[in-house]
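Visitor: Quick one: sequence and predicted model below, then my questions.
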Amino acid sequence: MSKSITEKPEFRGPLPEWKPAHETAPSVMRDDQDSVARMLGLTGLCFVVIGAAIILLARISRVNPAVGVVGVVLGGALLLFHASRDADRQIRRTYGIMGYLWLVLGLLVLALPIRGWTLETRFLPYAFSAFTFALLFLMPFARNETEDSWRTPAVLILGVIGLAAALVGFLGSNIASTFLLPHGLLLALLGLFYLWAFVGLNGTTTDRGYAAGLALGALGALVFLVALARSIITPLVVRSGGASYLTSGGAILMGLGLLYVVLSAGLISDRHLVVLTRRELGAFFYSPIAYIVFFALTLLGWIVYGLFILRVVESSSPGQQPMLEPIVQYYIVHFIPVVSVAFVVPVITMRLLSEEKRTGTLEVLLTSPVSETTTVLSKFLAALIFFMVIWIPWGLFLVALRVEGGQPFDYRPLISFFIALLFSGAGFLSMGLFFSSLTRNQIASAVLTFMGMLILIGVYFVKFSVVQSNPWSAVLTHASYIDLWLNSLQGKLAARALLFHLSATIFWLFLTVKVLESRKWK
């Protein structure tokens with residue numbers, strides 16, 4: 001037997017009784033809370049309360065309510081930002097209830113008989129403002145709500161209110177021509193945004209959303225055809241005064257009908273151009289630059305509108321020469337809007353193609369089954385739509401002038417101005433899109449576009465150094481967008497005045513397409 005030495009085992013004692021580990025993780029997972037949005041929401045609530053107190057105090061004393069109005073507007077914007085970002089159940093439902101309260105308030109203002117208030121007085125600004133706030137608070141509530149028992153009624157209410165507003169606006173405008181401005185126009189626009197929210201919250205992939213999108217386009221097409229038929233038939237039937245239907249309201253109704261049709265096509269169409277345009281528009285509004293440009297231009301519009309009101313008040317005082325129609329020319333023709341365009345256009349266009357080149361997504365986009373022309377047109381259309389949207393507050397400021405003044409003014413030059421703005425803006429943006437296609441650097445693209453805008457502004461001043469009998473004087477006049485704006489605001493808008501800007505748009509877009517096609521030549 002072996003006499004190997006073995007170690008004696010150590011005595012360790014009995015093993016302790018086993019116990020399961022205590023749970024340290026939370027049993028319910030919660031989303032991260034957006035503390036910045038909540039802080040801004042609380043700040044906005046304070047601004048609203050203080051601003052409302054100043055406005056109420058101005059009713060009984062000589063306090064200037066302008067500071068209170070600024071506080072309410074700024075506070076409301078912060079509250080809307082918080083409502084769109086914070087999806088907590090209690091917070092989203094609080095904002096949802098707030099939206100319902102605004103909706104009930106608007107309906108009560110219209111329904112209850114108030115002594116001394118006509119229906120038109122109750123609609124503007126009280127009922128219209130209440131319906132607008134209701135839409136702005138119900139949209140984020142319905143988007144963030146996860147329970148169908150809360151979400152579905154909110155979405156249906158948006159659809160019903162939108163359909164009712166659109167029908168009342170269009171029917172009332174066709175029955176009574178005096179109802180169109182401003183009440184019919186505002187009701188049609190309000191109905192458009194309500195129906196837009198209804199289609200977007202349902203989604204065009206669902207049967208209800210797709211059918212609502214089709215109905216939106218059908219309603220717009222019907223309104224356009226009726227207005228067009230009345231514009232053609234009325235002068236033939238009624239000789240005296242019938243020819244003015246197109247300029248008195250038919251053009252606005254046709255424009256609203258086309259707006260409904262275009263929005264419907266943009267929501268439900270699956271064509272490559274429409275899909276890419278939606279993508280580019282979404283890229284605009286997912287970027288903070290779009291909101292900075294929008295609020296900056298709105299603030300400048302507010303300042304210009306304040307200067308315009310001071311001029312109107314000064315001209316109405318005794319001993320002063322009153323302002324002659326069209327008075328809107330004194331509002332738009334100003335140093336601020338002319339120069340602002342030179343900064344807005346580079347900011348909008350600098351990232352359209354240069355950012356795609358820098359990140360390498362342009363190659364991925366162009367390898368998809370879309371052509372270079374479709375890609376360029378989608379970016380151009382998205383930029384043009386955004387460019388026109390940021391000018392909408394400038395037109396809405398004049399609604400306050402109509403309400404407070406109580407007297408109508410000649411609005412037709414404003415329509416011709418927006419047509420001129422559309423054509424001139426198309427030329428600006430196509431030029432910026434071309435410069436964006438030349439480089440990967442956004443700053444370089446913005447500088448080149450800014451220099452181009454300065455040249456276009458300089459054309460207006462160079463024209464004065466040329467004798468009017470010189471043929472170059474007419475060329476410079478057609479090339480100057482400032483002259484186009486001035487003539488449009490005086491009601492002088494000829495097709496030949498728009499031809500130069502349309503030709504420039506086609507020229508710049510053609511060059512942009514060739515720049516993208518040049519990658520195949522390498």
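Guide: Yep, it's here. Numbering: from 1, shown residues only.
Visitor: only C-alpha atoms for contact and neighbour calcs from this point on.
Guide: Will do.
Visitor: Need the contact partners of stretch 358-378.
Guide: With contact meaning C-alpha atoms under 8 Å, 6 or more residues apart in numbering, stretch 358-378 is reached by 272-274, 276-277, 280, 353, 356-357, 440-441, 509, 512-513, 516-517.
Visitor: quick check, nearest of those to Gln321?
Guide: The shortest gap between Gln321 and any of these belongs to Leu509, at 47.4 Å (C-alpha to C-alpha).
Visitor: which residues touch that closest one?
Guide: The neighbours of Leu509, taking C-alpha under 8 Å, 6+ apart as the test, are Val376, Leu377, Ser430, Met431, Leu433, Phe434.
Visitor: pLDDT wise, what is the residue lying closest to the fifth one once chain neighbours are set aside at?
Guide: Here the nearest residue to Leu433 in space, its sequence neighbours aside, is Thr349; by C-alpha to C-alpha, 6 or more residues apart in numbering that works out to 5.6 Å. At Thr349, the pLDDT value in this model is 92.
Visitor: In this structure Thr349 contacts Phe428, no?
Guide: No - using C-alpha atoms under 8 Å, Thr349 is not in contact with Phe428, being 9.4 Å away.
Visitor: who touches Phe500 in this structure?
Guide: His478, Ala479.
Visitor: in the helix or strand where it lies, what counts as buried?
Guide: Phe500 is part of helix 495-517, with elements assigned from DSSP states H and E. Going by neighbour count (16 or more other C-alpha atoms under 10 Å), the buried part of helix 495-517 is 497-498, 500-502, 504-505, 508-509, 511-513, 516.
Visitor: try stretch 285-302
Guide: For stretch 285-302, burial by neighbour count (16+ other C-alpha under 10 Å) applies to Ala290, Val293, Phe294, Leu297, Thr298, Gly301.
Visitor: Now the second one: closest residue in space that isn't a chain neighbour?
Guide: Going back to what we said before, that points to Val293. Val344 (7.0 Å).
Visitor: for the fifth one, same thing?
Guide: Residue nearest to Thr298 in three dimensions, not counting chain neighbours: Pro393, with 6.2 Å by C-alpha to C-alpha, 6+ apart.
Visitor: circling back to that earlier point, any chance you could give me the helix holding Phe500 in CSV, C-alpha atoms only?
Guide: C-alpha atoms of helix 495-517 as CSV (Å, rounded to 0.1, in the frame of the first residue of the first chain):
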residue,chain,number,x,y,z
ALA,A,495,-47.7,88.2,-67.5
ARG,A,496,-44.6,89.6,-69.2
ALA,A,497,-43.4,90.9,-65.8
LEU,A,498,-43.4,87.3,-64.5
LEU,A,499,-41.8,85.9,-67.6
PHE,A,500,-38.2,86.8,-66.5
HIS,A,501,-38.5,85.1,-63.1
LEU,A,502,-40.1,82.0,-64.6
SER,A,503,-37.3,81.8,-67.2
ALA,A,504,-34.7,82.2,-64.5
THR,A,505,-36.3,79.5,-62.5
ILE,A,506,-36.2,77.0,-65.4
PHE,A,507,-32.6,78.0,-66.2
TRP,A,508,-31.3,77.4,-62.7
LEU,A,509,-33.2,74.1,-62.3
PHE,A,510,-31.8,73.0,-65.7
LEU,A,511,-28.2,73.7,-64.5
THR,A,512,-28.8,71.9,-61.2
VAL,A,513,-30.0,68.8,-63.0
LYS,A,514,-26.9,68.9,-65.3
VAL,A,515,-24.6,69.2,-62.2
LEU,A,516,-26.1,66.1,-60.8
GLU,A,517,-25.9,64.3,-64.1
